[in-house]
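Visitor: Fold the following.
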Amino acid sequence: MSIILHPFVTEKATFHIEDENKLQFVVDINATKGQIKKEIEELYDIPVLSVRTMITMKGKKKAIVAFEGDNTAGELASKLGIF
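Guide: Numbering: from 1, shown residues only. Okay, the predicted model is just below:
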């Protein structure tokens, strides 16, 4: 079973892509930051700088993933069809 369930797209998440080189994903509730980082790097072949996680009010887990390099999040967002 995949840890990364799907991208999380809101207006605020779009600003993170453009301004902070970060993407948000809904992830498995039991996933650790290390597991999330490893899966993102393996799936998309992009180095991850950091992972922050939070449990949402709806009982789901959201990961905010910061990428190394310039506009890496924007390029991945294009590949995923977010932009």
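Visitor: For the worst-scoring helix or strand of the chain on mean pLDDT, list every residue counted as buried.
Guide: Counting by mean pLDDT, DSSP states H and E, the weakest-scoring helix or strand in the chain turns out to be helix 11-15, with a mean of 90. Of the residues in helix 11-15, Ala13 count as buried by neighbour count, 16 or more other Cβ atoms under 10 Å. Any C-beta I mention is one placed from the backbone N, CA and C, and that applies to glycine too.
Visitor: now it: how far from the chain's centre is it?
Guide: 12 Å (Cα atoms, centre = their mean, to the nearest Å).
Visitor: how about it as CSV, C-alpha atoms only?
Guide: The C-alpha trace of helix 11-15 is given here as CSV (Å, rounded to 0.1, in the frame of the first residue of the first chain):
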residue,chain,number,x,y,z
GLU,A,11,-5.4,28.2,-2.5
LYS,A,12,-2.9,28.2,0.4
ALA,A,13,-1.2,25.1,-0.9
THR,A,14,-0.8,26.8,-4.3
PHE,A,15,1.0,29.7,-2.6
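Visitor: immediately after it, which helix or strand?
Guide: Using DSSP states H and E, the helix or strand that follows helix 11-15 in sequence is strand 22-27.
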